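**Student:** From the sequence below, what's the structure:
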Amino acid sequence: MRDDVSIIIRDIKAFVKQHILTERGTVYLAQAEALEEQGCQYKNSCCLSCFDDEDLYELDYYLQLLKIIKARLKRAASTSSTCEFNMCTTYDFRSGTPVVVYETRFTGVMKLLIFIAMAVAGGTQFIRGQIDGELSAWSQIGFIVGAIISISYFYNTKQYSFIVPQLGSLVISSLQLAALARHRDSDIFADW
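**Tutor:** Numbering: from 1, shown residues only. Take a look at the predicted model:
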């Protein structure tokens with residue numbers, strides 16, 4: 001069994017090293033798909049006890065690189081004239097392997113909403129700071145909305161490690177909004 005794993009890893013590694021910079025080629029795309037299917041099929045059909053930890057991590061690593069190459073080859077082979085959302089990569093922090101994140105319309109809209117919420121929040125805080133040097137309640141609302149959307153975006157794209165800073169931002173903005181409500185005599189939403 002372990003020899004089979006070594007052969008599969010060797011084949012995938014050789015393909016990745018040879019085609020890491022390849023831009024086009026449907027032959028290579030078919031080859032990449034076959035290798036990916038073979039590697040995933042073997043990984044899913046075999047219990048974890050037949051893998052060394054090193055072999056398992058190496059197989060995961062090269063399968064992810066193979067997916068990145070395959071996605072690039074697919075995009076180059078596409079004859080579609082419509083705009084397609086880009087794919088990006090991130091890292092699985094447990095194993096250090098690159099992971100492909102395929103953008104969807106939903107995640108694209110979420111990124112746009114995050115940008116808008118944060119830009120409006122920053123703009124209103126800047127204006128309020130220039131007027132009287134105070135903290136703006138509306139900017140805190142914008143930061144809270146941006147943090148909530150960011151948390152759902154990172155959750156949907158399985159980038160869990162980026163959720164923690166957004167939770168911190170959500171808590172701090174909420175506490176500042178509560179402090180504004182507690183210390184102001186007038187309505188906190190009446191001013192910028």
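**Student:** contacts and neighbour counts: CA atoms only from here.
**Tutor:** Will do.
**Student:** How is the chain divided into domains?
**Tutor:** According to automatic domain parsing, the chain comprises the domains 2-102, 105-183.
**Student:** any idea which of the ones you listed is most buried?
**Tutor:** Most buried of the domains of the chain, by mean neighbour count (mean count of other Cα atoms under 10 Å): domain 105-183, with a mean of 17.
**Student:** returning to what we had before: least reliable of the domains of the chain going by mean pLDDT?
**Tutor:** Comparing mean pLDDT across those, the weakest is domain 2-102, with a mean of 70.
**Student:** Isn't Ile148 up against Ser169?
**Tutor:** No. Between Ile148 and Ser169 there is no contact under Cα atoms under 8 Å: 9.5 Å.
**Student:** Turn the domains of the chain into a markdown table, including distance to Phe189.
**Tutor:** Below are the domains of the chain laid out as a markdown table (distance: least, Cα to Cα, whole Å):
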| stretch | distance to Phe189 |
| --- | --- |
| domain 2-102 | 38 |
| domain 105-183 | 6 |
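**Student:** packing partners for the helix or strand hosting Tyr57?
**Tutor:** In this assignment (DSSP states H and E), Tyr57 forms part of helix 53-77. Secondary-structure packing of helix 53-77 (3 or more Cα pairs under 8 Å, 6 or more residues apart in numbering; DSSP states H and E): helix 2-19, helix 26-45, strand 98-102.
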